[in-house]
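1. next one to model:
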Amino acid sequence: NTLVQISMSQDAEVGDGTTSVVLLAGEFLREAKPFIEEGVHPQVIIKAFREAVRLATEKLDDLAVKLDHNTPEQTRAMLEKAAATSLNSKLVSGH
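-> Residues are numbered from 1 along each chain as shown. Now for the predicted structure:
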C-alpha cells in the first residue's frame, strides 16, 4: 500500500518515474531489513537515510551543470540535449 502511494505521488508530481520509485523504495526496504532484524531502532535507520540523502544531494549539486552563466543559445542547446536523452531512453525502453 505504501509503495502504491509513493508511486502515485511521483506520478502526480512529475508524471513519470513510477517504476523507478517503486524499485528504489523496494531496495531501501531490502537494505533496511537486516538492521531491523538485528533490533536497530527504526529512527536510527531513518536518521541514516536522511544523512545519505544530504550527502547525495551535495554530490548532485557538485556534479550539476550550471545554466545561469550561459548564453540563451547555450541554454537551449543544453535543454535540447536533455530532452533528446529523455526521449531516447523512453524510445529504447519501448514506452
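2. which stretches of this protein have low pLDDT?
-> 89-95 (pLDDT under 70).
3. spatially nearest residue to the spatially most central residue of the chain (excluding sequence neighbours)?
-> Here the mean C-alpha position of the chain is nearest to the C-alpha of residue 21 (C-alpha atoms, centre = their mean), at a distance of 7.3 Å. Nearest residue to residue 21 in three dimensions, chain neighbours excluded: residue 10, at 4.4 Å (C-beta to C-beta, 6 or more residues apart in numbering). From N, CA and C alone the C-beta is placed, and that goes for glycine too.
4. so which bits of the host helix or strand of the one you found are buried?
-> Using DSSP states H and E, residue 10 falls within helix 2-14. Neighbour counts over helix 2-14 (16 or more other C-beta atoms under 10 Å) mark 7, 10 as buried.
5. show me what that helix is in contact with.
-> 16, 17, 18, 21, 22, 25, 26 (C-beta atoms under 8 Å, 6 or more residues apart in numbering).
6. so what's the fifth one up against?
-> Remark: with contacts taken as C-beta under 8 Å, 6+ apart, residue 22 is in contact with 3, 6, 7.
7. same deal with the third one?
-> With C-beta under 8 Å, 6+ apart as the criterion, the residues that contact residue 18 are 7, 8, 10, 11.
8. dump the contacts of helix 2-14 to a markdown table, plus secondary structure and distance to residue 78.
-> Output for the contacts of helix 2-14, formatted as a markdown table (DSSP: H, G, I helix; E, B strand; the rest coil; distance: C-beta to C-beta, whole Å):
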| residue | secondary structure | distance to residue 78 |
| --- | --- | --- |
| 16 | coil | 20 |
| 17 | coil | 21 |
| 18 | helix | 27 |
| 21 | helix | 26 |
| 22 | helix | 30 |
| 25 | helix | 31 |
| 26 | helix | 33 |
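9. neighbours of residue 82, how many?
-> Residue 82 has 11 neighbours, counted by other C-beta atoms under 10 Å.
10. for it, pull up the helix or strand it's in.
-> helix 72-93.
11. tell me which other helices or strands that helix touches.
-> The criterion is 3 or more C-beta pairs under 8 Å, 6 or more residues apart in numbering; DSSP states H and E, and there are no helices or strands that helix 72-93 contacts.
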